[in-house]
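Asker: Sequence isn't available, so here's the structure alone:
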């Protein structure tokens, strides 16, 4: 619970500083926004080991193959990265680049989910 408070404090402080600096030096403001995002993402990574332990436990106790869980985890990671990257591009005033990052993120999410889609199609083929 304290992690979210830290993230909010860092985020709000960074946002206020970015707005103040953006008036005089927009390039530094963009770098500051990137640094704040990196710091908050680093804070969030602390939870990742607990999540991975839970997924491993679920796989071991239910006999679920990592072939089913890995693509889902990868898709979530791709979505988070694409969203953060696109938002940083939008903050820098580069909406076309932001849209391209989002498009690339969608393509990457589809690509990492191909093994799961293939398995689903095989299961459907066995049912018919």
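Answerer: Now that the structure is in, tell me what you want to look at. Owing to the predicted nature of the structure, the values given are computational and were not obtained by experimental measurement. Numbers count the residues shown, from 1 in each chain.
Asker: Could you list the low-confidence segments of this structure?
Answerer: Counting by pLDDT under 70, the chain contains no low-confidence segment.
Asker: same thing but at 90, please
Answerer: Residues of the chain meeting the criterion pLDDT under 90: 1-4, 22-23, 26-27, 30, 41-73, 88, 91-93, 115-120, 122-128.
Asker: Which residue is the nearest non-sequential neighbour of residue 58?
Answerer: Nearest non-adjacent residue to residue 58, counting by C-beta to C-beta, 6 or more residues apart in numbering: residue 64, 6.5 Å away. In this view, the C-beta of every residue, glycine as well, is placed from N, C-alpha and C.
Asker: tell me the SS of the one you found?
Answerer: Secondary structure for residue 64, judged by DSSP: H, G, I helix; E, B strand; the rest coil, is coil.
Asker: That one reaches residue 56, doesn't it?
Answerer: No. Assessed by C-beta atoms under 8 Å, residue 64 is found out of contact with residue 56, at 10.4 Å.
Asker: Show me how the record splits this structure into domains.
Answerer: The chain breaks down into these domains under automatic domain parsing: 1-64, 65-128.
Asker: tell me the most buried of the ones you listed?
Answerer: domain 65-128 (a mean of 14; mean count of other C-beta atoms under 10 Å).
Asker: Tell me the helix or strand right after the helix or strand hosting residue 51.
Answerer: Per DSSP states H and E, residue 51 falls inside helix 26-62. Toward the C-terminus, helix 26-62 is succeeded by helix 66-91 as the next helix or strand (DSSP H and E).
Asker: Does anything pack onto the next helix or strand after that next one? Which helices or strands?
Answerer: Using DSSP H and E, the helix or strand that follows helix 66-91 towards the C-terminus is helix 95-112. The contact analysis (3 or more C-beta pairs under 8 Å, 6 or more residues apart in numbering; DSSP states H and E) places helix 95-112 against helix 66-91.
Asker: Which neighbouring elements make contact with the helix it packs on?
Answerer: helix 26-62, helix 95-112, helix 114-127.
Asker: could you redo those helices as TSV and give each row distance to residue 73?
Answerer: Listed next are those as TSV, based on distance: least, C-beta to C-beta, whole Å:
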stretch	distance to residue 73
helix 26-62	7
helix 95-112	9
helix 114-127	11
